[in-house]
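>>> just coords:
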């Protein structure tokens, strides 16, 4: 494991997608990537499911009512072997900037809340999925496995990512800390639903979760956050009661230091833009000196994490061995050749 101590500029996105439009949202991503690179950023991070937008209908009505959006959302979700994903890789390479995506990933007939870490030469360093979709998200998205809790070496430092309420999962966070993460992307969809009625869905709890992650794990946290615009309200709110539930704005993007300090100048919650901060990894050891949760401040004799990082496949094709003559041996019930 490399010990990174360099400095660089980080960028986080606070913006609305082009709702349920894959190609148009990719266009917007490419524009934002280019803008961040022109402003000297070495990395840009996007909100949760920015492509093609978070499925807000899940929180506004019954599953039966929401079925009107399902087909469109499915067909506008991102496949990793698609021309649209290649455009993001090309944008990273052409602008010499690392990109951490936020997208609804389509594989076969299923969707997953996903993120990808793309290097500044367009290489995919990691592709991960949200371990457990939150609450009503489970009506649209599938689950992941322990392989999604990954931290990778990059030219900027050791980088990982989680989505939304994964930052309220203590064991998942500890799995990330245990990999000596230095830069973390905490992606959020926006904080503008059930305002005043469900405190845990608002900005107070969720921005605090990202900030605590920084201080608890002694890492820099890039916290992109999407915005609800008038187009989203027109699309998802077909009655006055739904307009009460989903409010315009909700953008609370920020960048936090390993001591929990705010490093970026914030935007009004209704505004779109990019936040920037200059990060120096050399300050991390000072934070670690106080309380390294997986090092000198741990008590493995009392509490330990058991974490299985192996991918779990629903189907695995087995190869059947043959003998020298190309014949398949007979097997008993234990799988032993007779």
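Thanks, I have it. Keep in mind that what you see is a predicted model, and the values were worked out from it rather than measured.
>>> the helices in the stretch 101-250 of the chain, which residues?
170-177, 203-217, 230-236, 240-245 (DSSP state H, counting those that start in this stretch).
>>> so which bits of the second one are buried?
Just to be clear, that refers to helix 203-217. Of the residues in helix 203-217, those buried by neighbour count under the rule 16 or more other Cβ atoms under 10 Å are 203, 206-207, 209-217. All C-beta spots, glycine's among them, are computed from the backbone N, C-alpha and C.
>>> what's the closest of these to residue 9?
Nearest to residue 9 out of the buried residues of helix 203-217 is residue 214 (Cβ to Cβ; 17.5 Å).
>>> so how far is residue 260 from that closest one?
Distance of residue 214 to residue 260, computed by Cβ to Cβ, to the nearest Å: 5 Å.
>>> cool, and residue 314?
Residue 314 is 40 Å from residue 260, by Cβ to Cβ.
>>> the more surrounded of those two?
Just comparing residue 314 and residue 260: by other Cβ atoms under 10 Å the higher neighbour count belongs to residue 260, 17 against 7.
>>> quick check, pLDDT for the residue nearest to the more buried one when sequence neighbours are not counted.
Leaving aside its chain neighbours, residue 260 sits nearest to residue 215 (3.7 Å; criterion: Cβ to Cβ, 6 or more residues apart in numbering). pLDDT, residue 215: 97.
>>> residue 215 reaches residue 258, doesn't it?
Yes: using Cβ atoms under 8 Å, residue 215 is in contact with residue 258, at 7.2 Å.
>>> ok so, going back, quick one: which of the helices of the stretch 101-250 of the chain is nearest residue 139?
Nearest of these (Cβ to Cβ): helix 230-236, 15.1 Å.
>>> residue 265: neighbour count?
Residues near residue 265, counting by other Cβ under 10 Å: 10.
>>> what's it sitting at in phi/psi?
As for residue 265, its main-chain torsions (degrees, to the nearest 10) stand at phi -80, psi 120.
>>> residue 234 versus the nearest residue to residue 259 once chain neighbours are set aside, what's the distance?
Spatial nearest neighbour of residue 259, chain neighbours left out: residue 287 (5.5 Å); criterion: Cβ to Cβ, 6+ apart. Per Cβ to Cβ, residue 287 is found 45 Å from residue 234.
>>> ok, these two, which is more surrounded?
Taking other Cβ under 10 Å, residue 287 and residue 234 do not tie; residue 287 has more neighbours (18 against 11).
>>> can you check the pLDDT for that one?
Confidence score, pLDDT, at residue 287: 95.
>>> wait, it touches residue 260, no?
No: using Cβ under 8 Å, residue 287 is not in contact with residue 260; the gap is 9.1 Å.
>>> shared neighbours, those two?
Residues touching both residue 287 and residue 260 (Cβ atoms under 8 Å, 6 or more residues apart in numbering) are residue 215.
>>> quick check: residue 314 is in a helix.
No: counting by DSSP: H, G, I helix; E, B strand; the rest coil, residue 314 is not part of a helix but coil.
>>> roughly how far apart are it and residue 108?
For residue 314 relative to residue 108 (Cβ to Cβ), the value is 10 Å.
>>> against residue 229, how distant is the spatially closest residue to residue 190 that is not a sequence neighbour?
Nearest non-adjacent residue to residue 190, counting by Cβ to Cβ, 6+ apart: residue 250, 3.4 Å away. Computed as Cβ to Cβ, the residue 250 to residue 229 distance reads 10 Å.
>>> same question, residue 119
Taking Cβ to Cβ, one finds residue 119 at 31 Å from residue 229.
>>> could you list every residue that touches the spatially closest residue to residue 203 that is not a sequence neighbour?
With sequence-adjacent residues excluded and distances taken as Cβ to Cβ, 6+ apart, residue 203 is closest to residue 191, at 4.1 Å. Neighbour list for residue 191: 201-203, 206-207, 225, 250, 252, 269 [criterion: Cβ under 8 Å, 6+ apart].
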